[in-house]
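Enquirer: My questions concern the predicted model and sequence given below.
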Amino acid sequence: MRIPFDRSSRSGLRLSTFALPLLLFIALCFLSPSFLSVQNLGNISGQVAALLIVSLGQLVVALIGGIDLSVGSVLSLATTIIVSVDPSYAPAVALLAGIAIGLVNGIGVTYVGVHPLIMTMASMTFVQGLSLFIHPVPGGTVADYLGSLATSPLLGIPAPLLWCVGAVGLAAFALSKTRFGLRLFAIGASPPSAARNGVPVKLYSIVCYVICSVAATVAGIFISGRVSSGDATVGASFALDSITAIAMGGVQLAGGAGSVTGVVLGTITLGLMTNGMNLLGISPFLRTAATGALLLFAISMQRRNVIGV
Amino acid sequence: MFDVSPGHALVAFHSITKSFGPTKALSDFSLRGMAGSVHAITGENGAGKSTLMNLLAGVYQPDSGEIRLRGEPIRIENPGHAQRAGISTIFQELTLLPNLTVAENLFLGREPHRLGMIDRAAMQRRSREALDLVKSEVDVNKRCGELAVAAQQLIEVAKGLMAEADIFILDEPTAALNAPEVEMLGKLINSLKAAGKLIFYISHRLEEIFRFCDVVSVLKDGKHVATHAVGELTHDRLISLMVGRPLGQLYPARRPRIASASALEISNLLPAGARHAVSFSIGRGEIVGLAGLQGQGQREIIRAIAGIVPRAGGEVIRFGSTEGTKSLEPSIVATVRSGIGFVPEERKSEGLYLSLSIEQNVALGMLRRQPMWRYAEVRKPQIAELGARMGLRASNLEQPVSDLSGGNQQKVMMGRWLASGVDILLVEEPTRGVDVGAKSEIYALLRAFADSGGAVLMTSSELTEVIGLSDRILVVRDDQIVGDLDGIAATEESIMRHALGGLPGAGETRS
């Protein structure tokens, strides 16, 4: 397969999208002896899996030129629901809540005409408050079956990797093989033109926000199974992290360009960076600072008139 | 009233009314379209042609009245619905998505699929077939953003014509096509007609109407003027139906040209990206029109003078009545500061402050020379007097500009410059989207401005306007001025002769 690196390609992939995680990987092999240990690689995949699932949801929204800041709160809410509701149907309740939030975001953006930043900032704050109300102090117990889903390997394959493969496969199939995926790229390039070609733009946009919220909910279920507790603030960094990850992966936040490959690479880059700073003993606060700088860097590399739109 | 074509009424509009804000785009409009005919819809800009077709294409819905499709009343909710109902539209503006391939664009909205997956092989094969129809050789896997505009328009045409539909709407399909492609389009239209389809052909190009169409309906100010078999009409008769009155009354009287002091001198001006530099001058009391086919560089010239398009070379010298002679800096700020007003083509996005009131919009011009810390006084009596002089129709001067019709918005735009005391106006498309009544008032305003010692440079894509209003007409072709004609003596033929120059098909454009 020829990967088009020209600036106008629909995938948004560039040489740097591939080179950056590779260079980080090589550098960490030399800088930290424990980096290549099985245990550390397992750690990385656990840390990266949740972010990857959230970022794939963020990708779907970004393709139509939207953005979803509420993913972190939705993730947190899912973990609090998992520990607060009867385990036999807790995941279903969490998913329903995710769908509801996605619907509100999508309808607010398309029919009410609220800017996606404002709409999802409002729902982010609302859901954050709700999560803290449901489960103010981190803790609680998570059903065993969820714990094993998130941690027990299957046929020797670590569980986080299975979650990743599932999410990536689903996203890649939807975006490159289905009519739905193609139409998302059309909407991202020009909503009025897409509409004139018979694409139901508003319906699709709402579906995108629902998909994004559901992805965040799934990531929340995964995390609660992994750490065996509910935490109303566990998702706090996910909004910025997922947007940074997709921007690193060449996804154009103005819409119409992006790829699952890019999102995987962007997420790995961010994951390696976090892990590397951990191993080298750099303060986690600086890691947050670095994420902000990275977002600005990735966005500045993109093509468009106004940076960051 | 008309029973010229065989077959039955495939589409009937019955008493349709459609308004945008206070502007009635269509009022009490009725029309029938017969199967197996090519039905031209024509009229001046703003007559309601595109609105009518957008109703059928599902882009807009009528405020009142009824559309009947194959005898059944239908409310077309969106473009997708129109497609499924068998209506295929080739929109005037391109609807291709730059990030999709040619094949993806051709099938967007109706992608061939198997088990939920896009059948790319079928899509590419059928795209190739569709493109062969229009004799386009582009690679179906190329992204549309990489193609030239003419190639894109051909794809747009192919997309519209290959649809499984029995009503085809072609909205100004030839804008970016050259003569052989237009010829081929004619053949395609004929084969559709032979297959019993109904083709609505929206155009104000007379020669195409007479060549391709069986029936022509003329619209004017949102109303149906007449429907005739094309064979019953002559060019002149059709023009008088479109205009609705002899040309003379629309335009203010001109005095024969006399030598006057220069107001603006443009020497060797090279707009950025243009291939040739231009030199000309505009005298006091003169209205100079830049004419030519679309996209030949008129817009770049006037915008380079205004300082919006960067200059790659050359000089613009203004001879002031009060401010002396000076060479203008290439910036819009410097241009305005030196007493030159610019009325942009896109007055809504580039000229007016839509949410501000009429008086605030005009006052901004009056305050032009004030230091910015001074109290910004809105001199209401002066503005009211100006509004009355311009024939501004508004309920009061506090009304936001967004509520006004196109013609009144244009008057506000001009009023701002008149109130600010400029003596040179650069005007793009003075009457785009303006109804005929307001047109003559705007023409009178420009003429009065020139008569009082002002100078006007305008661009217009309407030839009749250029001929009716200008004292001098500069014809632009390929970034060059290829003709300098006297406005009173000029005819459409003489302008077109210069505008087409050595281009292929020059002779047949006007018969």
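Expert: Right, received. Where do you want to start? Numbers count the residues shown, from 1 in each chain, chains lettered A, B, ... in the order given.
Enquirer: Low-confidence stretches in the chain?
Expert: I went with chain A, as the question did not name one. Scanning chain A for pLDDT under 70 picks out A:1-8, A:303-309.
Enquirer: wait, chain B
Expert: For chain B, the ranges with pLDDT under 70 are B:1-8, B:21-23, B:44-46, B:176, B:243-249, B:257, B:321-323, B:435-437, B:502-511.
Enquirer: mind running it again at 50?
Expert: B:1-6, B:503-511 (pLDDT under 50).
Enquirer: Name the residues of it found near chain A, please.
Expert: Residues of chain B lying close to chain A by CB under 8 Å from any CB of the partner chain are B:57, B:59, B:78-80, B:82-84, B:89, B:91, B:94-100, B:104-105, B:108-111, B:113, B:116-118, B:143, B:145-146. The C-beta positions use only the backbone N, C-alpha and C, and glycine is treated the same way.
Enquirer: Among those, which are located in helices?
Expert: Mapping these onto helices (DSSP state H) picks out B:79-80, B:82-84, B:104-105.
Enquirer: Find the closest residue to chain B in chain A.
Expert: Closest contact between chain A and chain B, by CB to the nearest CB, is at A:Gly198 (3.1 Å).
Enquirer: what sits against the spatially closest residue to that residue that is not a sequence neighbour?
Expert: Spatial nearest neighbour of A:Gly198, excluding adjacent residues (CB to CB, 6 or more residues apart in numbering or on different chains): B:Gly109 at 3.1 Å. Under the criterion of CB atoms under 8 Å, 6 or more residues apart in numbering or on different chains, the neighbours of B:Gly109 are A:183, A:197-199, B:79-80, B:83.
Enquirer: Looking at those residues, which one is closest to B:Leu356?
Expert: The closest of the contacts of B:Gly109 to B:Leu356 turns out to be B:Pro79 (CB to CB; 34.2 Å).
Enquirer: isn't that closest one right up against A:Ala194?
Expert: No - taking contacts as CB atoms under 8 Å, B:Pro79 lies outside contact range of A:Ala194: 9.5 Å.
Enquirer: and B:Thr491, what are its phi and psi?
Expert: As for B:Thr491, its main-chain torsions (degrees, to the nearest 10) stand at phi -130, psi 170.
Enquirer: Burial check on it, number of neighbours?
Expert: Applying other CB atoms under 10 Å in any protein chain shown, we find 12 residues neighbouring B:Thr491.
Enquirer: residues in contact with it?
Expert: With CB under 8 Å, 6+ apart, B:Thr491 has these contacts: B:Ile467.
Enquirer: Could you save the ones in helices among the residues of chain B next to chain A as TSV and add columns showing neighbour count and distance to A:Thr17?
Expert: Listed next are these as TSV, based on neighbours: other CB atoms under 10 Å in any protein chain shown; distance: CB to CB, whole Å:
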residue	neighbour count	distance to A:Thr17
B:Pro79	26	36
B:Gly80	19	35
B:Ala82	26	40
B:Gln83	22	37
B:Arg84	16	40
B:Glu104	26	23
B:Asn105	27	26
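Enquirer: Let's have these in TSV, adding distance to B:Val11.
Expert: Shown next, in TSV, are these (distance: CB to CB, whole Å):
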residue	distance to B:Val11
B:Pro79	16
B:Gly80	18
B:Ala82	11
B:Gln83	15
B:Arg84	16
B:Glu104	30
B:Asn105	27
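Enquirer: Among those residues, which one lies nearest to chain A?
Expert: B:Gly80 (3.6 Å).
Enquirer: give the contact list for that closest one.
Expert: B:Gly80 makes contacts with A:198-200, B:58, B:109, as judged by CB under 8 Å, 6+ apart.
Enquirer: just checking, A:Ala172 is part of a strand?
Expert: No - A:Ala172 is assigned helix when assessed by DSSP: H, G, I helix; E, B strand; the rest coil, not a strand.
Enquirer: Could you find the closest non-adjacent residue to it?
Expert: A:Val260 (4.5 Å).
Enquirer: re earlier: what number of neighbouring residues does the residue of chain A closest to chain B come out with?
Expert: Residues within reach of A:Gly198, counting by other CB under 10 Å, total 19.
Enquirer: and what of A:Pro136?
Expert: 10.
Enquirer: now do B:Gly71
Expert: By other CB under 10 Å, 10 other residues sit near B:Gly71.
Enquirer: That one against B:Ala9, yeah?
Expert: Yes - counting by CB under 8 Å, B:Gly71 does reach B:Ala9; the two are 7.5 Å apart.
Enquirer: Quick one: the helices in the stretch 401-511 of chain B, in order.
Expert: Along the stretch 401-511 of chain B, counting by DSSP state H, counting those that start in this stretch, helices occupy B:406-419, B:436-451, B:463-469, B:492-500.
Enquirer: Could you pull out the buried residues of stretch B:317-331?
Expert: Judged by neighbour count (16 or more other CB atoms under 10 Å in any protein chain shown), stretch B:317-331 contains these buried residues: B:318-319, B:328, B:330.
Enquirer: CSV for those, including secondary structure?
Expert: Listed next are the buried residues of stretch B:317-331 as CSV, based on three-state DSSP:
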residue, secondary structure
B:Arg318, strand
B:Phe319, strand
B:Leu328, coil
B:Pro330, coil
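Enquirer: Now the two most distant members of those residues.
Expert: B:Phe319 and B:Pro330 (18.1 Å).
Enquirer: Give me the buried subset of the residues of chain B next to chain A.
Expert: Buried members of those, scored by 16+ other CB under 10 Å, are B:57, B:59, B:78-80, B:82-84, B:89, B:91, B:94-100, B:104-105, B:108-111, B:113, B:118, B:143, B:145.
Enquirer: ok, which stretches of the stretch 1-150 of chain B are strands?
Expert: For the stretch 1-150 of chain B, the strands defined by DSSP state E, counting those that start in this stretch cover B:9-20, B:23-34, B:37-42, B:64-69, B:72-74, B:87-90, B:113-114, B:117-118.
Enquirer: Phi and psi next, for the residue of chain A closest to chain B.
Expert: Geometry field for A:Gly198 lists phi and psi as phi 90, psi 10, criterion degrees, to the nearest 10.
Enquirer: which ones are touching it?
Expert: B:78-80, B:82-84, B:108-110.
Enquirer: From those residues, pick the one nearest A:Pro91.
Expert: Closest to A:Pro91, out of all of the contacts of A:Gly198 and judged by CB to CB, is B:Gly80, at 35.5 Å.
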